[in-house]
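Asker: Everything below, folded, please.
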Amino acid sequence: MASDLLFELAVHPDMPSFDLCADAALYARFRNHLPNFMRTFVSASYLERCGLAANSSNPFIFNEHSHNNFIRGFVKVYRKAKVHVPANLYNSYQSQGLLDPDHIIGTPYLQPWDPAGYTYKVAPVRFLSDKNNNRYTIICAQPPETWESAHTQEAPFDDVSDAGFSSTLGPASFVEVLRNKLDPEEIARLRQGKRGRPRKPQRTGNRGRPKNPLTLKVKRRIEAIPLSLPRYTSTVDEKENEPPESDEGEALEPQPRYRTRSTRSRYPL
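Answerer: Take a look at the predicted model:
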């Protein structure tokens, strides 16, 4: 919570309290903003989004709706990999040189900077850790040598959204209900399902098997067949294809290939 408060004031978390109180303008801004920051957690918006909405009537079910609203709407930089900085606040950081890693905090910043033209800017969060405490900030400028923690190195950390079943922060993050949290991998496995028995054949009441449905592959084969076949031109002499002639010169009627009852009387042996 302290890291989020100092983030909204554009103050480095390692700044000594003496230096903060010595600057009259900064101290007045800090004193006026502190009550407003604490009032956020009793506001109607906070109670409606994080204190009233529930996923189930079961009190032991993890309230994921309330947890996500708290992490996304009321946590700024604490254990967050990146933060959406409002344009006015982002310009305040730039004007003081707090986003320039070559600048020393407390000295005049004379380098040109481009104001943010959008409603917000996305900035990465830095994690500073030592034996005393952990701090989260987006400030990249170098602290003065007079600060006790001036040489604290940046350390890697995991985003709060990747905590899994571990208790983190918020009105819904408790060990008892986190044990009832749904496992995303198990949900994905159950959604895939198992292959069932093959579909029963269509019953039409007619004899034989029903026709297979017209598939796209068969349809393309049918469409590839030309509508009119090309005319056949024989290369053999037409006289070879003429029917044979009798001794009197008359053409003989072609004999059938098979002898049936209807052709026996017509073509006797």
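Asker: would residue 127 count as being in a strand?
Answerer: Yes - if the criterion is DSSP: H, G, I helix; E, B strand; the rest coil, then residue 127 is within a strand.
Asker: Report the beta-bridge partners for it.
Answerer: When bridges are taken as DSSP bridges, the partners of residue 127 come out as residue 136.
Asker: hey, where'd the helices end up in the stretch 1-150 of the chain?
Answerer: Read by DSSP state H, counting those that start in this stretch, the stretch 1-150 of the chain holds these helices, from start to end of the chain: 2-9, 17-22, 24-39, 44-46, 64-74, 87-95.
Asker: Revised request: answer the last question for the stretch 151-269 of the chain.
Answerer: Taking DSSP H, counting those that start in this stretch as the criterion, the stretch 151-269 of the chain carries its helices at 175-178, 184-192, 216-224, 261-264.
Asker: quick one: which of those helices has the weakest pLDDT on average?
Answerer: Mean pLDDT across the helices of the stretch 151-269 of the chain is lowest at helix 261-264; the value there is a mean of 60.
Asker: now the helices of the stretch 151-269 of the chain in CSV, with distance to residue 106?
Answerer: Backbone N, C-alpha and C define where each C-beta goes, glycine included. Formatted as CSV, those follow (distance: least, Cβ to Cβ, whole Å):
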stretch, distance to residue 106
helix 175-178, 43
helix 184-192, 46
helix 216-224, 73
helix 261-264, 120
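Asker: Of all the helices of the stretch 1-150 of the chain, which one comes closest to residue 105?
Answerer: Proximity to residue 105, assessed across these by Cβ to Cβ, is greatest for helix 17-22 (9.4 Å).
Asker: For stretch 44-57, buried residues please.
Answerer: The neighbour-count check on stretch 44-57 (16 or more other Cβ atoms under 10 Å) flags 46, 49, 50, 51 as buried.
Asker: same deal with stretch 85-105?
Answerer: Along stretch 85-105, the positions that meet the burial threshold by neighbour count (16+ other Cβ under 10 Å) are 85, 89-91, 93-94, 96-100, 103, 105.
Asker: ok, now stretch 182-195?
Answerer: Residues of stretch 182-195 include none that count as buried (16+ other Cβ under 10 Å).
Asker: Return the distance of it from the chain's centre.
Answerer: Here stretch 182-195 is found 17 Å from its chain centre; the criterion is Cα atoms, centre = their mean, to the nearest Å.
Asker: so what's residue 33 up against?
Answerer: Residue 33 makes contact with 5, 8, 9, according to Cβ atoms under 8 Å, 6 or more residues apart in numbering.
Asker: quick revisit: could the buried residues of stretch 85-105 be laid out in JSON lines, adding distance to residue 60?
Answerer: As requested, the buried residues of stretch 85-105 are exported to JSON lines (distance: Cβ to Cβ, whole Å):
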{"residue": "85", "distance to residue 60": "38"}
{"residue": "89", "distance to residue 60": "40"}
{"residue": "90", "distance to residue 60": "42"}
{"residue": "91", "distance to residue 60": "47"}
{"residue": "93", "distance to residue 60": "43"}
{"residue": "94", "distance to residue 60": "48"}
{"residue": "96", "distance to residue 60": "48"}
{"residue": "97", "distance to residue 60": "51"}
{"residue": "98", "distance to residue 60": "45"}
{"residue": "99", "distance to residue 60": "45"}
{"residue": "100", "distance to residue 60": "50"}
{"residue": "103", "distance to residue 60": "51"}
{"residue": "105", "distance to residue 60": "48"}
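Asker: would you list the residues you listed in JSON lines and tack on pLDDT?
Answerer: As requested, the buried residues of stretch 85-105 are exported to JSON lines (pLDDT from 0 to 100):
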{"residue": "85", "pLDDT": "92"}
{"residue": "89", "pLDDT": "92"}
{"residue": "90", "pLDDT": "92"}
{"residue": "91", "pLDDT": "92"}
{"residue": "93", "pLDDT": "92"}
{"residue": "94", "pLDDT": "92"}
{"residue": "96", "pLDDT": "91"}
{"residue": "97", "pLDDT": "91"}
{"residue": "98", "pLDDT": "91"}
{"residue": "99", "pLDDT": "91"}
{"residue": "100", "pLDDT": "91"}
{"residue": "103", "pLDDT": "92"}
{"residue": "105", "pLDDT": "90"}
